[in-house]
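S.K.: Sequence isn't available, so here's the structure alone:
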């Protein structure tokens, strides 16, 4: 999962003496199918409070992300995105394997399945 251009710009501005950047106070995770965020069927972004483990240029979730129980079809999930408390995208990437949620069965992303990478350019 790579960091978004918006957050990369905020970090660069912060580091180079521009606007100070505060740490996000909340994280929300969104699921995407065919390039669009899932809608309907009881879907909503999940609030994530589990924290992150940072190693080198990567950060992984250390808690479970619970999206609840679908009441309708969500499609085949291929991507997750992380947002801050203002709805600004922090990062995105592919889920470990495509997921097709089943009506009535909880949708969960487990510890270590979301990764944000700072890539070298």
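M.R.: Arrived safely. Computed from a predicted structure; not experimentally measured. Numbers count the residues shown, from 1 in each chain.
S.K.: Which residue, other than its chain neighbours, is closest to the residue nearest the centre of the chain?
M.R.: The geometric centre of the chain, computed from its C-alpha atoms, lies nearest to residue 82 (CA atoms, centre = their mean), at 2.6 Å. With sequence-adjacent residues excluded and distances taken as CB to CB, 6 or more residues apart in numbering, residue 82 is closest to residue 90, at 4.5 Å. Where C-beta positions appear, they are placed from N, C-alpha and C, glycine not excepted.
S.K.: do the same with residue 72
M.R.: For residue 72, the spatially nearest residue (CB to CB, 6+ apart) is residue 41, at 2.9 Å.
S.K.: so who does the one you found touch?
M.R.: Counting by CB atoms under 8 Å, 6 or more residues apart in numbering, residue 41 touches 70, 71, 72, 73, 74, 103.
S.K.: Distance check, it against residue 107.
M.R.: Going from residue 41 to residue 107 by CB to CB, to the nearest Å gives 10 Å.
S.K.: which residues do these two both contact?
M.R.: 70, 74.
S.K.: Going by neighbour count, which of the contacts of residue 41 comes out on top?
M.R.: Using other CB atoms under 10 Å as the neighbour test, the contacts of residue 41 are led by residue 74, with 22 neighbours.
S.K.: That residue touches residue 101, doesn't it?
M.R.: Yes - the pair residue 74 and residue 101 passes the contact test of CB atoms under 8 Å, sitting 4.7 Å apart.
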